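Q: Turn this into a structure:
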Amino acid sequence: MIAYSLKPMILERPLNFNPRVMYGVALVLCVLVMLTGCRSGSRSGSGPSGQRGAAADANTEAYVAQAKELRTAGRDDEALALLTRAIEANPTLTVAHLEAAEIYETKGDFEAAEKSFGTAARQDPSNFSAQFGHGRSLHLLNRIAEAVRSYLMALAIQPNNFDANLALATAYLQIDGPSQALPYAQRSVQINPSSGPARANLGSVYSQLGRHRDAVEQYQAAAELMELSPSLLMNLAESLGKIERYDEMVNTLDLANRLQPSAAAWERIGFANFKMKRFDESMAAFRQAIALDGSHYPALNGLGVCLLNQYLLSNKKDAEALSESMSHFRKSLRINNRQPRIVDLVARYER
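A: Next comes the predicted model:
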């Protein structure tokens with residue numbers, strides 16, 4: 001019998017990064033934080049020039065105060081205009097740069113947000129909001145290595161900040177660093193044990209480290225704490241499969257398909273049923289995957305393996321099964337020709 005272990009798709013991936021939020025499996029945790037602790041760059045003096053400087057500083061601070069009121073009222077464009085005037089009058093006014101950065105981020109102008117947060121961070125290196133905001137904007141621009149540096153600077157200021165620990169763990173995962181991500185993912189769960197996204201994040205870290213029992217525990221905790229999503233269930237199912245809990249894997253994937261049917265979920269159902277020697281159910285699942293997406297080559301491979309086994313179990317008399325098996329393998333190779341095991345099967349059995 002041909003063993004079915006052909007799985008070129010890896011599903012135990014970190015949660016997807018959404019440009020409007022910092023983390024989610026299909027649902028998300030917003031980590032836009034209130035900016036606090038900003039220091040003004042105002043100066044005072046004596047005599048006429050000092051009085052003019054004090055008056056200018058008072059004007060810029062008034063602009064910022066008015067801008068905050070306008071933001072509360074949802075009038076961001078007017079707020080940004082006032083903040084621009086404040087920055088022109090006093091370029092070292094950190095709070096104005098931070099307020100402007102938040103507006104740019106809300107508008108989705110992440111490049112402008114990064115510049116404003118970066119200016120604030122350079123002006124006031126000990127300002128947590130500036131450093132974390134800079135990291136967040138870099139992250140949103142997919143400048144992950146730079147984001148990591150800013151997150152580390154933010155955590156040097158507030159080591160137990162939940163959002164910064166979660167964001168840093170996410171960033172490390174995105175650059176294939178589960179070992180580096182682990183302590184920050186664990187700390188985010190310790191800080192906020194009731195956070196579903198933090199639990200899911202830790203599950204992703206454990207799965208990448210091959211600690212699938214621990215991953216299952218975290219994914220299941222996440223499922224109890226947050227709205228279920230197909231991606232969370234897919235990751236849970238993948239780790240269940242790694243520890244050979246195939247019945248639970250199938251049940252989890254059935255739930256994922258009820259939420260959003262996908263070829264990937266049906267292919268994994270086929271895989272789990274094959275492992276449990278439920279060959280008819282396995283073939284049906286692979287066919288369902290192909291019906292949803294004819295280009296999903298892992299399902300084509302799975303069905304090809306099932307049919308090839310059917311041919312072998314017939315004492316090599318079921319020529320129709322062999323022909324269909326080779327047809328699926330060839331189609332899979334047309335989609336992805338870098339599959340040496342499939343190439344080998346076709347070479348051996350087509351002869």
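Q: List the buried residues in stretch 129-142.
A: Going by neighbour count (16 or more other Cβ atoms under 10 Å), the buried part of stretch 129-142 is Ser129, Ala130, Gln131, Phe132, Gly133, His134, Gly135, Arg136, Ser137, Leu138, His139, Leu140. Glycine gets a C-beta too; all of them are placed from N, C-alpha and C.
Q: Restricted to strands, list those residues.
A: Counting by DSSP state E, no part of the buried residues of stretch 129-142 is found in strands.
Q: quick check, nearest of the residues you listed to Gly118?
A: His134 (5.3 Å; Cβ to Cβ).
Q: how close does the closest one sit to Leu225?
A: As judged by Cβ to Cβ, to the nearest Å, His134 and Leu225 stand 30 Å apart.
Q: again, but for Leu152
A: Distance from Leu152 to Leu225, by Cβ to Cβ: 27 Å.
Q: Same check on Leu138?
A: 29 Å.
Q: what are the ranges of the helices in the stretch 251-351 of the chain?
A: Secondary structure of the stretch 251-351 of the chain (DSSP state H, counting those that start in this stretch): helices at 263-275, 279-292, 297-313, 319-335, 340-350.
Q: Redo these as TSV? Include distance to Arg187.
A: Converted to TSV, those look like this (distance: least, Cβ to Cβ, whole Å):
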stretch	distance to Arg187
helix 263-275	32
helix 279-292	39
helix 297-313	36
helix 319-335	42
helix 340-350	41
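Q: Could you look over those helices and pick the most buried one?
A: helix 263-275 (a mean of 25; mean count of other Cβ atoms under 10 Å).
Q: quick one: contacts of that one?
A: 4, 7, 9, 11, 230, 234, 237-238, 241, 244, 246-247, 249-250, 253-254, 256-257, 279, 281-286, 288-290, 292-293, 296, 298-299, 302-303, 305-306 (Cβ atoms under 8 Å, 6 or more residues apart in numbering).
Q: so which helix or strand takes in the spatially closest residue to Gly133 that is not a sequence neighbour?
A: Nearest residue to Gly133, sequence neighbours excluded (Cβ to Cβ, 6 or more residues apart in numbering): Phe117, at 4.2 Å. Element membership for Phe117 (DSSP states H and E) is helix 110-123.
Q: Now do that helix, average pLDDT.
A: Helix 110-123 shows a mean pLDDT of 95.
Q: so how far is it from its chain's centroid?
A: 23 Å (Cα atoms, centre = their mean, to the nearest Å).
Q: Flag every buried residue along it.
A: Neighbour count says helix 110-123 has Phe110, Ala112, Ala113, Glu114, Lys115, Ser116, Phe117, Gly118, Thr119, Ala120, Ala121, Gln123 buried, by 16+ other Cβ under 10 Å.
Q: dump the residue contacts of the last one.
A: With contacts defined as Cβ under 8 Å, 6+ apart, Gln123 is in contact with Gly41, Thr92, Thr94, His97, Ala130.
Q: doesn't Gly118 make contact with the third one?
A: No - with contact defined as Cβ atoms under 8 Å, Thr94 does not reach Gly118; the gap is 11.8 Å.
Q: Going by residue numbers, what spans are strands in the chain?
A: Under DSSP E, the chain gives strands at 23-24, 28-29.
Q: Can I get the buried residues of stretch 129-142 in JSON lines including pLDDT and distance to Arg187?
A: As requested, these are arranged in JSON lines below (pLDDT from 0 to 100; distance: Cβ to Cβ, whole Å):
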{"residue": "Ser129", "pLDDT": "96", "distance to Arg187": "20"}
{"residue": "Ala130", "pLDDT": "97", "distance to Arg187": "22"}
{"residue": "Gln131", "pLDDT": "97", "distance to Arg187": "17"}
{"residue": "Phe132", "pLDDT": "97", "distance to Arg187": "15"}
{"residue": "Gly133", "pLDDT": "97", "distance to Arg187": "20"}
{"residue": "His134", "pLDDT": "97", "distance to Arg187": "21"}
{"residue": "Gly135", "pLDDT": "97", "distance to Arg187": "16"}
{"residue": "Arg136", "pLDDT": "96", "distance to Arg187": "18"}
{"residue": "Ser137", "pLDDT": "96", "distance to Arg187": "23"}
{"residue": "Leu138", "pLDDT": "97", "distance to Arg187": "21"}
{"residue": "His139", "pLDDT": "96", "distance to Arg187": "18"}
{"residue": "Leu140", "pLDDT": "94", "distance to Arg187": "22"}
